[in-house]
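Visitor: take a look and give me a structure for this.
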Amino acid sequence: MHIFSIDPQKLIDQFRYHADEPLLFTSGLFLFLFIGFLLIYIPLSKTHRPKLIFTILFSLYFYYKSSGLFFLLLISTTCIDYALAHLIYENRTPWKRSVLLTFSLVSNLGLLGYFKYTNLIHEIFSHMAGLPYQPFDIFLPVGVSFFTFQSLSYTIDVYRKKIAPCQHILDYAFFVSFFPQLVAGPIVRASDFLPQLARPTLVTHEMFGRGIFLITIGLFKKAVISNYISANFVDRIFDAPAFFTGLENLFGVYGYALQIYCDFSGYSDMAIGMALLLGFHFNENFRAPYQAKNIADFWKRWHISLSTWLRDYLYISLGGNRNGKLRTYINVMITMLLGGLWHGASLRFILWGGLHGVSLVIHKIYSKSKIHLTLKQTPLIKTGSNVISTLLTFHFVCFAWIFFRAHSMEVARQMIIQILFHFSPQVLVEFIRGYWTELVLILLGYVLHFLPRSFDRAAEQWTIRLPLVGKALLLLAVIFISIQTKSADIQPFIYFQF
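Guide: Next up, the predicted model:
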């Protein structure tokens with residue numbers, strides 16, 4: 001009988017990096033590893049240093065399985081910013097503190113710039129010099145944008161004297177490398193996270209139930225809705241929009257809007273849920289963004305950890321709204337253009353950020369206008385206006401997603417042309433027949449998204465009240481559904497590429 005036999009080669013293979021098989025939250029291997037991690041973590045949770053050391057080692061292994069030897073970058077970033085934060089805090093000379101902060105900025109942004117923007121600069125230079133462009137073979141480490149922003153916010157907060165630096169490097173290493181949010185956020189602030197390390201680790205009944213709820217809902221969003229509609233519908237449309245009618249392209253855009261939300265918010269939900277099971281709290285990262293009544297409201301609901309990071313460390317640093325209207329609008333545009341560039345070294349992402357920047361400026365102008373103030377004071381008109389503005393905001397966001405998702409500007413152009421000039425509504429019945437499963441999932445996703453927040457709270461409380469067996473069965477049911485809808489190809493999280 002070899003039921004319980006272990007293949008040593010396969011066991012050793014789990015400690016090797018495979019570029020085509022990154023370690024994902026949705027994989028069976030991660031589930032196995034996480035259960036094993038918990039079995040050791042729970043007894044260690046009452047300690048401090050042993051708990052930190054074990055979790056840091058597991059986090060480094062997790063990152064190694066995602067990006068190979070680039071886990072050394074994570075270690076170097078940790079050591080550099082830990083040392084710089086102490087030097088900044090202990091130094092009282094303003095110009096020396098500024099030089100030290102500049103060094104932190106250069107080391108973090110230089111690291112980010114090399115991996116993300118070297119080929120963009122090389123391409124621009126090649127075109128200007130009339131030389132053939134051959135991109136360098138540069139591998140983008142998973143999550144580099146997240147942990148550099150997280151580490152950078154720490155040194156900036158120490159410089160601004162908002163927080164004191166960590167007294168021990170293990171505390172800081174735990175904060176930077178903590179595996180639930182390491183590779184795709186949310187971007188956790190030191191001021192929110194580090195004080196939790198000073199308290200005894202405690203997982204209450206409510207924390208455990210909420211953690212299971214968030215992991216379950218996040219897994220459903222990612223593995224069932226996002227992966228399925230991506231592999232079977234959205235990718236086909238965006239790969240060749242000219243081969244589909246405008247109607248199909250439009251639904252492809254609606255599908256991608258849901259896909260990227262379920263993919264990214266699903267990861268955030270699982271990260272927040274896992275952190276709760278380990279005794280730590282992360283702030284909310286998504287709040288039903290497509291229910292937003294205007295573009296400013298959208299950015300208060302979408303990727304909240306990034307939007308607040310850009311606000312606090314870029315927009316405010318540029319002057320915010322302190323230097324008059326024109327300078328405020330310029331600061332908004334710079335912030336959103338750089339926010340677009342953060343997502344990728346391409347004109348498409350810059351255009352995506354620019355579209356959001358222009359819309360935010362227009363919203364600021366409109367919100368101060370007499371028309372808006374008049375409508376705001378009329379209850380009946382206000383209700384109708386809210387519905388219309390929500391629909392307009394949603395469709396503007398969808399329009400911008402075209403440039404975000406398309407492989408090139410030409411693909412984006414083809415998609416827009418098909419929607420505007422080759423809509424072909426007569427194919428609707430045939431289209432529904434051909435893609436009814438995907439359309440049902442898209443409809444289900446949007447219905448769940450637009451349900452009142454009270455529904456989410458009720459479902460969460462119901463999960464918390466379930467007995468342990470009930471929670472386990474709920475999670476197993478979602479895992480079973482995920483397996484049934486799984487495609488042959490690995491579906492990494494979309495934000496891994498950023």
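Visitor: strands along the protein, start to end?
Guide: For the chain, applying DSSP state E gives no strands.
Visitor: domain map for it?
Guide: As assigned by automatic domain parsing, the chain contains the domains 20-201, 206-286+369-497.
Visitor: any idea which of the ones you listed gets closest to Asp312?
Guide: Ranking those by proximity to Asp312 (Cβ to Cβ) places domain 20-201 first, at 7.9 Å. Placement of C-beta: from N, CA and C, glycine included.
Visitor: Asn323: which of the domains of the chain is closest?
Guide: domain 20-201 (19.4 Å).
Visitor: against Val361, how distant is Leu38?
Guide: Leu38 is 48 Å from Val361, where distance means Cβ to Cβ, to the nearest Å.
Visitor: which one's more surrounded, those two?
Guide: Between Leu38 and Val361, counting by other Cβ atoms under 10 Å, Val361 is the more crowded of the two (18 against 13).
Visitor: for that one, which non-adjacent residue is closest in space?
Guide: Spatial nearest neighbour of Val361, chain neighbours left out: Tyr329 (4.7 Å); criterion: Cβ to Cβ, 6 or more residues apart in numbering.
Visitor: got JSON lines for the domains of the chain, with mean pLDDT too?
Guide: Compiled in JSON lines, these are given as follows (pLDDT from 0 to 100):
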{"stretch": "domain 20-201", "mean pLDDT": "88"}
{"stretch": "domain 206-286+369-497", "mean pLDDT": "88"}
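Visitor: compare these and give me the one nearest Leu318.
Guide: Closest approach to Leu318 among the domains of the chain (Cβ to Cβ): domain 20-201, 13.7 Å.
Visitor: how about the spatially closest residue to Thr26 that is not a sequence neighbour, what does it touch?
Guide: Nearest non-adjacent residue to Thr26, counting by Cβ to Cβ, 6+ apart: Ala223, 4.8 Å away. The contact partners of Ala223, taken as Cβ atoms under 8 Å, 6 or more residues apart in numbering, are 26, 266, 478, 482, 485-486.
Visitor: farthest-apart pair in those, please.
Guide: Distance extremes for the contacts of Ala223: the farthest pair is Gly266 and Lys486 at 14.7 Å, using Cβ to Cβ.
Visitor: of those two, which one has the most company?
Guide: Gly266 (27 against 16).
Visitor: now do the same contact list for that one.
Guide: So Gly266 contacts 217-223, 226 (Cβ under 8 Å, 6+ apart).
Visitor: give me the buried subset of the residues you listed.
Guide: 217-223, 226 (16 or more other Cβ atoms under 10 Å).
Visitor: ok, Leu420 - how many residues close by?
Guide: Leu420 has 11 nearby residues by other Cβ under 10 Å.
Visitor: cool, the one 4 residues further on as well?
Guide: A total of 13 residues lie near Ser424 under the criterion other Cβ under 10 Å.
Visitor: that one contacts Gly246, correct?
Guide: Yes - with contact defined as Cβ atoms under 8 Å, Ser424 counts as touching Gly246 (6.1 Å).
Visitor: and the contacts of stretch 346-356?
Guide: Counting by Cβ under 8 Å, 6+ apart, 120, 295, 299, 333, 336-341, 343, 396, 399-401, 403-404, 406, 408-409, 412 sit against stretch 346-356.
Visitor: now do 10 Å
Guide: With contacts defined as Cβ atoms under 10 Å, 6 or more residues apart in numbering, stretch 346-356 is touched by 119-120, 123, 295, 298-299, 302, 332-344, 396-397, 399-409, 411-412, 498.
Visitor: narrow these to just the buried residues.
Guide: Judged by 16+ other Cβ under 10 Å, buried ones among these: 119-120, 295, 298-299, 302, 332-333, 335-344, 396-397, 399-406, 411-412, 498.
Visitor: Val176 and Thr201, how far apart?
Guide: Applying Cβ to Cβ to Val176 and Thr201 gives a distance of 18 Å.
Visitor: among those two, which residue is more densely surrounded?
Guide: A side-by-side neighbour count of Val176 and Thr201, using other Cβ under 10 Å, places Val176 first with 23 against 17.
Visitor: can I get the contacts of Ala223 in TSV with distance to Leu140?
Guide: Below are the contacts of Ala223 laid out as TSV (distance: Cβ to Cβ, whole Å):
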residue	distance to Leu140
Thr26	21
Gly266	22
Val478	31
Ser482	27
Thr485	29
Lys486	26
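Visitor: from those, which is closest to Gly319?
Guide: Gly266 (36.4 Å).
Visitor: state the distance from the closest one to Gly218.
Guide: Applying Cβ to Cβ to Gly266 and Gly218 gives a distance of 4 Å.
Visitor: hey, what's in contact with both of these two?
Guide: 25-26.
Visitor: quick check: Phe213 touching Glu460?
Guide: Yes - contact status for Phe213 versus Glu460: in contact at 4.9 Å, counting by Cβ atoms under 10 Å.
Visitor: re the thing from before, let me have the domains of the chain in CSV, adding distance to Lys325 as columns.
Guide: Below are the domains of the chain laid out as CSV (distance: least, Cβ to Cβ, whole Å):
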stretch, distance to Lys325
domain 20-201, 26
domain 206-286+369-497, 13
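Visitor: among the ones you listed, which is nearest Gly319?
Guide: domain 20-201 (15.4 Å).
Visitor: and that closest one, how far out from the chain middle?
Guide: Taking Cα atoms, centre = their mean, to the nearest Å, one finds domain 20-201 lying 15 Å from the centre of the chain it belongs to.
Visitor: check stretch 274-293 too.
Guide: Here stretch 274-293 shows a centroid-to-chain-centroid distance of 11 Å under the convention Cα atoms, centre = their mean.
Visitor: what's the neighbour count on the closest residue to Gly252 other than its chain neighbours?
Guide: Among residues not flanking Gly252 along the chain, Ile237 sits closest, at 3.0 Å (Cβ to Cβ, 6+ apart). By the measure other Cβ under 10 Å, the count of residues near Ile237 is 21.
Visitor: residue contacts, Ile237?
Guide: 243-244, 248-253, 255-256, 405, 415, 418.
Visitor: from Ile260, how far off is it?
Guide: Distance check for Ile237 against Ile260: by Cβ to Cβ, it reads 14 Å.
Visitor: identify the contacts common to those two.
Guide: Common contacts of Ile237 and Ile260 (Cβ under 10 Å, 6+ apart): Arg405.
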